[in-house]
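>>> take a look and give me a structure for this.
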Amino acid sequence: MLDQVKTDIDALMAEIGRNARAAARPLAIATATEKNRALEAMAAEIFANREAILAANAIDLANARESGVAASFIDRLTLTPERIDGIAAAIRDIADLKDPVGDIIAEWDRPNGLHIERVRTPLGVIGVIYESRPNVTADAGALCLKAGNAVILRGGSDSVNSSQAIHSCLVAGLKAAGLPEHAIQYVPVTDRAAVGAMLSGLNGSIDVIVPRGGKSLVARVQSEARVPVFAHLEGLCHIYVDKSADLEMAKKIVLNAKMRRTGVCGAAETLLIDRAVAHTHLTPLVEGLVAAGCEVRATDEIRARIPGLVAASEQDWSTEYLDAIISVSLVDGISGAIEHINRWSSAHTEAVIAEDADVVERFFTEIDSAILVHNASTQFADGGEFGMGGEIGIATGKMHARGPVGVEQLTSFKYRVRGTGQVRP
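Predicted coordinates for the structure are as follows:
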């Protein structure tokens, strides 16, 4: 029986791969008008089917609560009328973006008269593997379409009902615009064998994999993938409060970075405070977090100053809590902050709160994370906030895409060489 199930899944995934590859060809040459018409239709379908999406989400939420998952997980999974409206609005924002396909990135002339152009092209077929966030279904589908790519979506079992309800709206939008309905496919089974099939590349059908989820998912993808991967590692984000920081600004930013939404990858997980201002800045910053319901895990040095805090272990410095928990340490100025961040960071997002321009310059120069922020919350680590019209994830690797993965990052390029009869001597 198990062999039969695996055979059935292999056959299903092979068919999905073939359909995606076939859809990628006309999609690559679709006009901006055609793609935007589909995106607008998708947004309209999501608005029109809000109640059906909410009903599907209620099933996922009930199942999640029954399994006893953390509150932060529930927050990531939850859809509300406002969040659904936001999903539809994000699709329309993507429609408003400039079509990247065919864009001339650079051009130049050679001494022999050849004119060379570097031009954006679609990647082809993208596989997106993600967990718990049903909005990723819409974001990934819309972004891949805008960039001229077919996409195979494999969401987590916890959000399967919500994601399928959203996916049906995307397919309706494709049909309304006359584009191939297989341009955006959702894997309809929750068996982990489907993930393995995608990581194999589906017999050459998938060109790149984008994982978006926890550490174990990303580790599996990086270990097993036989196609290129846009790595989205955990968001182990830091905030450093320098001695030159404005305290009121720091209090506001730290609270927002940790507590606005604790389950997003841009939530701050570690707070570093310049030891030189421990007597003025430490207590107000920590008390603000505690008053907001955040558990503070601190070094012995800090706990001696502020009783009642949880002792931080070495494991805390490498933990992405995705919950109302933060680890706090004092450091010796910007040098101490850089040393700590470079040792423990996942290279996602780091923030510095400072008025000293030299401190900011060192922070920006000596830390090599994908996103660096000055005097603002780490929760701005988001493609929509960057004006990119949404994102599939934050890539923490250094090849091809880094930071928010939006429409431009979902393209490759080719060279066009124009001559007037030149031959090579």
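
>>> so residue 322 lies in a strand, does it not?
No. Looking at residue 322 with DSSP: H, G, I helix; E, B strand; the rest coil, it is coil, so not inside a strand.

>>> quick one: it and residue 261 touch, right?
No. Using C-beta atoms under 8 Å, residue 322 makes no contact with residue 261, being 9.7 Å away. Placement of C-beta: from N, CA and C, glycine included.

>>> ok, the two, which is more surrounded?
Under the criterion of other C-beta atoms under 10 Å, the comparison of residue 322 against residue 261 puts residue 322 first, with 21 against 14.

>>> number of nearby residues for the nearest residue to residue 81 once chain neighbours are set aside?
In this structure, residue 81 finds its nearest non-sequential neighbour in residue 50, 6.2 Å apart by C-beta to C-beta, 6 or more residues apart in numbering. By other C-beta under 10 Å, the residues close to residue 50 number 18.

>>> ok, which stretches of the stretch 251-400 of the chain are strands?
268-274, 295-298, 310-311, 325-331, 349-353, 371-374, 394-395 (DSSP state E, counting those that start in this stretch).

>>> parallel or antiparallel, list what pairs with the fifth one.
Right, the one you point to is strand 349-353. strand 237-241 (parallel), strand 371-374 (parallel) (DSSP bridges).

>>> mind putting the ones you listed in TSV, mean pLDDT, distance to residue 125 and mean neighbour count included?
Shown next, in TSV, are those (pLDDT from 0 to 100; distance: least, C-beta to C-beta, whole Å; neighbours: other C-beta atoms under 10 Å):
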stretch	mean pLDDT	distance to residue 125	mean neighbour count
strand 237-241	98	32	27
strand 371-374	96	28	19
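
>>> tell me the phi and psi of the residue nearest to residue 81?
phi -60, psi -50 (degrees, to the nearest 10).

>>> of the strands paired with strand 349-353, give the one that comes closest to residue 76.
Ranking the strands paired with strand 349-353 by their distance to residue 76 (criterion: C-beta to C-beta) puts strand 237-241 first, at 16.2 Å.

>>> just the CA trace of that closest one, in PDB.
Output of strand 237-241 as PDB, limited to C-alpha atoms (Å, rounded to 0.1, in the frame of the first residue of the first chain):
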ATOM      1  CA  CYS A 237      17.600  39.600  14.000                       C
ATOM      2  CA  HIS A 238      19.500  41.900  16.300                       C
ATOM      3  CA  ILE A 239      19.100  45.400  17.600                       C
ATOM      4  CA  TYR A 240      22.100  47.300  18.900                       C
ATOM      5  CA  VAL A 241      21.400  50.400  21.000                       C
END
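
>>> just give me the longest helix of the protein.
helix 2-28 (DSSP state H).

>>> now do the helix or strand that that helix is followed by, average pLDDT.
Note on helix 2-28: by DSSP states H and E, the next helix or strand toward the C-terminus is helix 32-48. The average of the pLDDT scores along helix 32-48 is 98.

>>> which parts of helix 32-48 are buried?
32, 34-47 (16 or more other C-beta atoms under 10 Å).

>>> got the CA positions of that helix in PDB?
Taking Å, rounded to 0.1, in the frame of the first residue of the first chain, the C-alpha atoms of helix 32-48 are listed here in PDB:
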ATOM      1  CA  ALA A  32       2.600  43.100 -19.400                       C
ATOM      2  CA  THR A  33      -1.000  43.800 -20.200                       C
ATOM      3  CA  GLU A  34      -2.000  40.200 -20.200                       C
ATOM      4  CA  LYS A  35      -0.200  39.500 -16.900                       C
ATOM      5  CA  ASN A  36      -1.600  42.600 -15.200                       C
ATOM      6  CA  ARG A  37      -5.100  41.600 -16.400                       C
ATOM      7  CA  ALA A  38      -4.700  38.300 -14.700                       C
ATOM      8  CA  LEU A  39      -3.400  39.900 -11.500                       C
ATOM      9  CA  GLU A  40      -6.300  42.300 -11.300                       C
ATOM     10  CA  ALA A  41      -8.700  39.400 -11.800                       C
ATOM     11  CA  MET A  42      -7.000  37.500  -9.100                       C
ATOM     12  CA  ALA A  43      -7.400  40.400  -6.600                       C
ATOM     13  CA  ALA A  44     -11.100  40.700  -7.600                       C
ATOM     14  CA  GLU A  45     -11.700  37.000  -7.000                       C
ATOM     15  CA  ILE A  46     -10.100  37.200  -3.500                       C
ATOM     16  CA  PHE A  47     -12.300  40.100  -2.600                       C
ATOM     17  CA  ALA A  48     -15.400  38.300  -3.900                       C
END
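
>>> show residues contacting that helix.
53, 84-85, 87-89, 91-92, 94-95, 99, 101, 138, 141-142, 145-146, 148, 166, 169-170, 172-174, 176-179 (C-beta atoms under 8 Å, 6 or more residues apart in numbering).

>>> so that helix versus helix 2-28, what angle?
Here helix 32-48 points in a direction 130 degrees away from that of helix 2-28 (axes from the mean of the first three to the mean of the last three C-alpha atoms, to 10 degrees).
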